[in-house]
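Trainee: quick check, what structure comes out for this input:
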Amino acid sequence: MTAVRPRLLQALSVFSTGLLAGAFGYGAANLVPTFNTVPIEMRLDFHTALMTMNGITVQGAMAVSALGSFALAVAERGRARVLAGAAGLLVVSSFLITRFGNVPINGRIKQWAATVPPAGHEEVLRRWELFNNARTLTAAVAFGLLVLLALRPHRRPAVASAPQQAGRESLPPRGLPLPDSGADHRGGDGGRRDSEGFGIEDEWRAVTPLP
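Mentor: Numbering: from 1, shown residues only. Okay, here's the model as predicted:
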């Protein structure tokens with residue numbers, strides 16, 4: 001269970017952060033250029049409706065991504081903990097940029113859609129695009145860090161097979177004489193032999209590697 005938990009957290013954080021980075025990236029690469037080619041009235045109406053829906057889905061993705069990344073950082077160690085923690089901080093940065101950069105401008109755009117955009121509204125929209133590019137970059141870097149963490153090889157300690165381990169435990173240490181009992185008699189070669197003619201010393205030498 002201890003090995004399964006980090007893998008589940010890793011899958012959750014990669015999936016949610018990928019969705020977040022993909023949503024921001026699609027908006028920056030497709031929606032914003034489209035906004036700039038349509039009439040301003042159409043842009044304001046569509047922008048207001050879109051941000052209303054994003055307020056639910058995008059914030060949910062940011063919450064799951066941040067919590068998953070920080071939980072993964074707690075479960076991991078070493079460099080993996082640093083990567084997961086950095087990804088979580090970048091997701092939080094995307095949230096802060098959205099909350100204090102994009103959201104206030106969205107409120108002003110909603111007012112413009114109901115009335116008339118004031119003079120100089122182009123500069124305000126340009127600032128919104130800068131904030132959108134910044135949060136897209138932080139989300140994309142967070143996703144890249146989590147992908148890098150997922151691609152790192154996992155080292156597993158080598159474990160000897162049960163028969164081999166049992167055979168090694170039953171053998172005496174090197175340099176010590178083999179145990180003997182009074183009921184056993186040594187043959188002409190000086191070693192006890194089983195029913196097939198193989199001596200115990202021969203078996204011990206076969207399974208014990210030479211120095």
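
Trainee: pretty sure residue 117 sits in a helix.
Mentor: No: judged by DSSP: H, G, I helix; E, B strand; the rest coil, residue 117 forms no part of a helix; its state is coil.

Trainee: burial measure for it, as a count.
Mentor: Neighbourhood size, residue 117 [other C-beta atoms under 10 Å]: 18. All C-beta atoms are positioned from the backbone trio N, CA, C, and that covers glycine.

Trainee: thought it was touching residue 45?
Mentor: No: between residue 117 and residue 45 there is no contact under C-beta atoms under 8 Å: 11.6 Å.

Trainee: flag the shaky bits of the chain, pLDDT-wise.
Mentor: Residues of the chain meeting the criterion pLDDT under 70: 1-4, 154-211.

Trainee: go through it and flag its longest helix.
Mentor: What stands out as the longest helix in the chain, according to DSSP state H, is helix 40-75.

Trainee: tell me what the next helix or strand after it is packed against?
Mentor: Going down the chain from helix 40-75, the next helix or strand is helix 78-97, by DSSP states H and E. Counting contacts by 3 or more C-beta pairs under 8 Å, 6 or more residues apart in numbering; DSSP states H and E, helix 78-97 packs against helix 4-26, helix 40-75, helix 121-151.

Trainee: how deep is residue 127 tucked in, by neighbour count?
Mentor: Residue 127: 14 surrounding residues under other C-beta under 10 Å.

Trainee: what about it, distance to residue 28?
Mentor: From residue 127 over to residue 28 the distance is 15 Å, taken as C-beta to C-beta, to the nearest Å.

Trainee: and what of residue 44?
Mentor: Distance from residue 44 to residue 28, by C-beta to C-beta: 19 Å.

Trainee: ok, those two, which is more surrounded?
Mentor: More crowded of residue 44 and residue 28, by other C-beta under 10 Å: residue 44, with 23 against 17.
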